[in-house]
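S.K.: Return a 3D structure for these sequence lines:
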Amino acid sequence: MPRSHDPSLTYSDVVVWKNLMYDIDKKENLSSRSGDRDDLSTSKLLDDVNNPKAARFQPTVFTSWDQSDTLPTVLRYIVEPYVDWARRVVRTPTDVVFLTHILLYTSTSVPSAVRLFFHFTWTHGVFHWLMTSYYCGAFTIMLHNHIHNNGVLASNLAFVDRLWPYLLEPLMGHTWDSYYYHHVKHHHVENNGPGDLSSTIWFQRDDLLHLMYYIGRFLFFIWFELPLYFHRKGKRSLAIKCAISELGTYAFIYLAARCNLRATMFVFLIPLLQMRIGMMVGNWGQHALVDEEEPDSDFRSSITLIDVPVSIYDSPLHASESITPTSRQFTASSTSASHFADQRSLV
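M.R.: Sure thing, here's the model as predicted:
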């Protein structure tokens, strides 16, 4: 039967999607497939797209459209000169999109927030919140890459690479460094197991009351439970840093509210509430279907989404993310297809 994919998918997304559709259409065994669309050729194509020395190399510049969709004049005189410069600024030539978004947020969200504190209007406040709602998903994916790879910019810009999260995190609903401490130092260690503070295994995942309890616990107690978790694990340095980052952000928001409560609501408080609810709903969905026989399996404790442009509050390639570096996830999703099938991963 004819199939179509989401038009917002990136080129790499489409390559993986077509590869999987080929499996379904041909109804062939993964291990015996051959042809232009087999796993090895798909892997080679994805590697070429991410290899600056390959003819097919395509740096990601925007998330809403590909360079091939750009008007030729705009591409030649604006996009290509920008890409040539940006590839020297980012750490990995494929990741121009990160610089694009850093520039986007600092040139729109930051001045808009400052303006609200000096000249607040309700209309501006609502539009600022809507803008933040649109931005926060892509920002979180960028932050996810930043914390897993210890930065996204070139080494000579290490100071800027260290600074921009502190500037932008509170504007996008994150407290300083909390995503790093919870996601890298906690969630990836416990892997939705019994020791994971955001584990779903204790809950009935089709029960609304259980979901409300799950969200409420994170909203009101994570500031205390996460430092306590590190303390119990003997990681006292992490416990102290985590507590200082979280409570320090709350203190900053409190001081901002003393200056302008209405601006603080739209710039910091509503995005924080929205982000934390979104993160918990996203994690609940990623870990809603857990194999009771092997609940801590990287393959059977989460789901992998293919036909989506981006998962706003969580990684769509969730199973792959647990075992593969971020930059290799599309290739891994293709070359490891048979392994995913053997492990009964839900894709």
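S.K.: Could you measure from the spatially closest residue to residue 158 that is not a sequence neighbour over to residue 160?
M.R.: In space, and not counting its chain neighbours, residue 158 is closest to residue 151: 6.9 Å by Cβ to Cβ, 6 or more residues apart in numbering. C-beta here means a position set from N, CA and C on the backbone, and glycine is covered the same way. Distance, residue 151 to residue 160, using Cβ to Cβ, to the nearest Å: 10 Å.
S.K.: Same drill for these two, tell me which one is more crowded.
M.R.: Set side by side, residue 151 and residue 160 show more neighbours around residue 151, with 19 against 14, by other Cβ atoms under 10 Å.
S.K.: Quick one: residues contacting the more buried one.
M.R.: When contacts are counted by Cβ atoms under 8 Å, 6 or more residues apart in numbering, residue 151 touches 91, 158, 161, 162.
S.K.: Ok, residue 200 next?
M.R.: 192, 214, 283, 284, 287, 288, 290.
S.K.: can I assume the residue nearest to residue 158 sits in a helix?
M.R.: No: secondary structure of residue 151 (DSSP: H, G, I helix; E, B strand; the rest coil): coil, not part of a helix.
S.K.: Please report phi then psi for it.
M.R.: Torsion angles at residue 151 (phi, psi; degrees, to the nearest 10) stand at phi 120, psi 160.
S.K.: Do you know the pLDDT at it?
M.R.: For residue 151, the pLDDT comes out at 93.
S.K.: In CSV, list the contacts of residue 151 along with pLDDT, neighbour count and distance to residue 220.
M.R.: Shown next, in CSV, are the contacts of residue 151 (pLDDT from 0 to 100; neighbours: other Cβ atoms under 10 Å; distance: Cβ to Cβ, whole Å):
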residue, pLDDT, neighbour count, distance to residue 220
91, 91, 18, 37
158, 93, 13, 36
161, 95, 20, 33
162, 95, 13, 30
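S.K.: what number of residues lie near residue 159?
M.R.: Neighbours around residue 159, by other Cβ under 10 Å: 9.
S.K.: distance of it from residue 166?
M.R.: Here residue 159 is placed at a distance of 11 Å from residue 166 (Cβ to Cβ).
S.K.: okay, and for the stretch 201-347 of the chain, where does confidence drop off?
M.R.: For the stretch 201-347 of the chain, the stretches with pLDDT under 70 are 289-347.
S.K.: make it 80
M.R.: 287-347 (pLDDT under 80).
S.K.: What of the stretch 1-150 of the chain?
M.R.: Flagging of the stretch 1-150 of the chain using pLDDT under 80 yields the residue ranges 1-60, 63-71, 75.
S.K.: quick one: the helices in it?
M.R.: Counting by DSSP state H, counting those that start in this stretch, the segments of the stretch 1-150 of the chain that form helices are 11-26, 39-49, 72-74, 80-86, 96-118, 122-149.
S.K.: Could you dump these into TSV with distance to residue 209 and mean neighbour count added?
M.R.: Formatted as TSV, the helices of the stretch 1-150 of the chain follow (distance: least, Cβ to Cβ, whole Å; neighbours: other Cβ atoms under 10 Å):
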stretch	distance to residue 209	mean neighbour count
helix 11-26	36	16
helix 39-49	43	18
helix 72-74	52	9
helix 80-86	48	14
helix 96-118	36	17
helix 122-149	27	18
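S.K.: before we move on, the earlier item: out of the contacts of residue 151, list just those in helices.
M.R.: 158, 161, 162 (DSSP state H).
S.K.: Kindly indicate which of those lies nearest residue 83.
M.R.: Ranked by distance to residue 83 (Cβ to Cβ), the ones in helices among the contacts of residue 151 are led by residue 161 at 19.3 Å.
S.K.: pretty sure that closest one is in contact with residue 147, am I right?
M.R.: No: with contacts defined as Cβ atoms under 8 Å, residue 161 does not count as touching residue 147, sitting 11.7 Å away.
S.K.: hang on, the earlier thing: now distance to residue 260 too, for the helices of the stretch 1-150 of the chain, in TSV please.
M.R.: Compiled in TSV, these are given as follows (distance: least, Cβ to Cβ, whole Å):
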stretch	distance to residue 260
helix 11-26	42
helix 39-49	47
helix 72-74	39
helix 80-86	35
helix 96-118	5
helix 122-149	10
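S.K.: among the ones you listed, which is nearest residue 60?
M.R.: Taking the helices of the stretch 1-150 of the chain one by one with Cβ to Cβ, helix 96-118 is closest: 4.2 Å.
S.K.: what ranges do the helices span in the stretch 201-347 of the chain?
M.R.: For the stretch 201-347 of the chain, the helices defined by DSSP H, counting those that start in this stretch occupy 208-232, 236-259, 261-264, 270-286, 318-323, 329-335, 337-342.
S.K.: could you give the angle of the longest one to helix 270-286?
M.R.: Helix 208-232 runs at 100 degrees relative to helix 270-286, counting by axes from the mean of the first three to the mean of the last three Cα atoms, to 10 degrees.
S.K.: starting at the chain centroid, how far to helix 208-232?
M.R.: A distance of 21 Å separates the centroid of the chain from that of helix 208-232, by Cα atoms, centre = their mean, to the nearest Å.
S.K.: Please consider this matter closed, and thank you.
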